[in-house]
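K.L.:
Model the structure of this input:
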Amino acid sequence: MTDGLLFYWFSWLLWIYFTFVMKKRKERTVYAFWVLLILCGASVYITILGYKIMLSYLFLAFGAMVMLAKSKHLFYHLFCSLTIMVLYMAIMLWENYFPLWMMLSKTFISPLIIVFIALIIMSKGFYSKVSIILLGISSGELMNSFIMSSYAMKELIGGYVFFDSVLIILFLLIGFEIVYALKVKIRSVFLIYKKSFRVLREE
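P.N.:
Have a look, this model is predicted:
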């Protein structure tokens with residue numbers, strides 16, 4: 001699969017959702033503008049101290065920090081982001097040295113591992129989960145680039161492969177949230193039905 005294809009598809013889907021589907025709130029405009037900034041910076045990179053950094057990566061990391069700064073449990077969420085950062089770095093190192101990736105699709109395996117671990121350790125709020133994961137994998141991408149550069153293997157920080165993983169993670173989180181919401185709704189309907197059936201039996 002061409003690197004960046006999933007990124008562009010899913011990013012435009014998110015922008016369409018924020019612009020035309022999401023309820024009219026202040027956050028809707030902010031999120032839609034944020035996605036557009038990331039899309040516009042996808043083909044532009046800057047060089048800082050010899051490191052090539054995609055502009056979209058800076059927009060993503062900055063947005064994640066702003067989202068996390070609004071958290072009521074800042075220190076706990078920062079610890080969760082640190083955990084995700086270490087996990088992301090471990091996966092990247094594993095990807096480079098473990099031959100199992102030759103048999104599996106790393107485009108989907110890495111996001112699945114991150115989402116699975118993140119859902120276990122993180123808070124219940126959806127936007128808290130998003131901010132924790134985005135900041136964690138952004139930091140992990142940066143630290144992984146620093147480690148690889150020590151072996152004279154400098155790569156573009158925040159390239160298309162990274163953003164493909166980011167968008168897959170977001171859509172996996174959205175999928176889990178939808179499944180959880182359906183589960184809660186079905187359970188509530190079942191409880192109402194069970195309660196009404198009990199009332200009818202008593203009559």
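
K.L.:
Run through the strands of this structure in chain order.
P.N.:
In the chain, the strands defined using DSSP state E lie at 45-48, 51-54.

K.L.:
Could you tell me the least trusted of the ones you listed?
P.N.:
Mean pLDDT values for the strands of the chain show the minimum at strand 45-48, a mean of 84.

K.L.:
Give me the contact list for that strand.
P.N.:
Outside strand 45-48, the residues that touch it by Cβ atoms under 8 Å, 6 or more residues apart in numbering are Lys52, Ile53, Met54, Leu55, Leu58, Leu156. Every C-beta, even on glycine, is put in place using the N, C-alpha and C of the backbone.

K.L.:
Point out where this structure drops to low pLDDT.
P.N.:
1-2, 96, 98-107, 121-124, 152-154, 194-203 (pLDDT under 70).

K.L.:
Which neighbouring elements make contact with the longest helix that it contains?
P.N.:
Ordering each helix of the chain by length in residues (DSSP state H) puts helix 160-202 first. For helix 160-202, the elements it packs on are helix 5-16, helix 55-69, helix 106-121, helix 126-149, judged by 3 or more Cβ pairs under 8 Å, 6 or more residues apart in numbering; DSSP states H and E.

K.L.:
Now list the buried members of the contacts of strand 45-48.
P.N.:
Buried residues within the contacts of strand 45-48, counting neighbours by 16 or more other Cβ atoms under 10 Å: Ile53, Met54, Leu55, Leu58.

K.L.:
possible to save the residues you listed as JSON lines with distance to Glu27?
P.N.:
Listed next are the buried ones among the contacts of strand 45-48 as JSON lines, based on distance: Cβ to Cβ, whole Å:
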{"residue": "Ile53", "distance to Glu27": "27"}
{"residue": "Met54", "distance to Glu27": "25"}
{"residue": "Leu55", "distance to Glu27": "23"}
{"residue": "Leu58", "distance to Glu27": "21"}
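
K.L.:
So which of those residues is the closest to Tyr31?
P.N.:
The nearest member of the buried ones among the contacts of strand 45-48 to Tyr31, counting by Cβ to Cβ, is Leu58 at 17.4 Å.
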